[in-house]
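Engineer: here's my sequence, what's the structure:
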Amino acid sequence: MDQQTEITALKNLTSIPYLDEKGCLPEELQGKIGVYAIFNQEKKLQFVGYSRDIYLSIKQHLVRQPENCYWLKTQIINRPSRTILENIRSFWLEENGEIPPGNGSEMAKWNEPINAKVTMTTAEKEEYAKSEELTQIKLLKKVARKVETEIKDKLKQRGWQEEIRFNPKMKEQGLLDLK
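Structural biologist: The predicted structure is shown next:
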């Protein structure tokens with residue numbers, strides 16, 4: 001079968017809420033391979049990605065961009081094929097007519113660990129600059145925990161009920177990424 005015929009247009013897919021009425025991600029996406037499109041509250045496309053486990057990927061995106069993750073559209077495939085996944089993603093991006101922020105200017109915010117260091121106060125930066133390594137690590141962990149609390153608060157306001165754990169080793173570098 002021609003790969004082009006397997007692609008479902010984004011406009012023909014049903015939007016599903018990012019979080020269900022119980023405050024959970026769509027469980028049917030656990031372990032599913034495919035392409036996913038993330039939309040904000042106004043249903044404007046924010047990001048198109050693909051994954052070997054859509055559930056884990058959308059969880060990571062929700063933590064990184066809680067204000068932009070309200071609706072999803074997905075196309076599941078049975079076997080991993082980077083070519084097919086990239087073809088679907090390219091088709092959807094072209095169909096959209098413009099590159100969404102998460103695939104363009106804001107790509108790092110969607111795909112990279114959260115950099116808590118950018119939230120450091122002037123006093124924290126000064127303390128960091130004059131401290132030795134162990135004190136720097138403690139300060140970075142403190143800053144990361146502050147950002148972690150802010151993220152968890154935003155998710156709670158959205159009705160999020162699931163547990164999230166960040167990689168403790170990355171906090172020592174002032175970064176937050178799901179474990």
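Engineer: who's in contact with residue 74?
Structural biologist: 13, 16, 29, 32, 34, 35, 36, 37, 54 (C-beta atoms under 8 Å, 6 or more residues apart in numbering). To be clear about C-beta, it is placed using only N, CA and C from the backbone, and glycine gets the same treatment.
Engineer: gap between residue 10 and residue 122?
Structural biologist: 45 Å (C-beta to C-beta, to the nearest Å).
Engineer: next: residue 66.
Structural biologist: Counting by C-beta to C-beta, the gap from residue 66 to residue 122 is 27 Å.
Engineer: about what we covered before: settle it for me: which of residue 10 and residue 122 has more neighbours?
Structural biologist: residue 10 (20 against 7; other C-beta atoms under 10 Å).
Engineer: residue 9: neighbour count?
Structural biologist: Neighbours around residue 9, by other C-beta under 10 Å: 10.
Engineer: what's the answer for the one 5 residues further on, then?
Structural biologist: Other residues near residue 14 come to 8 when the count uses other C-beta under 10 Å.
Engineer: coming back round to it: in strands, which of the contacts of residue 74 fall?
Structural biologist: 16, 34, 35, 36, 37 (DSSP state E).
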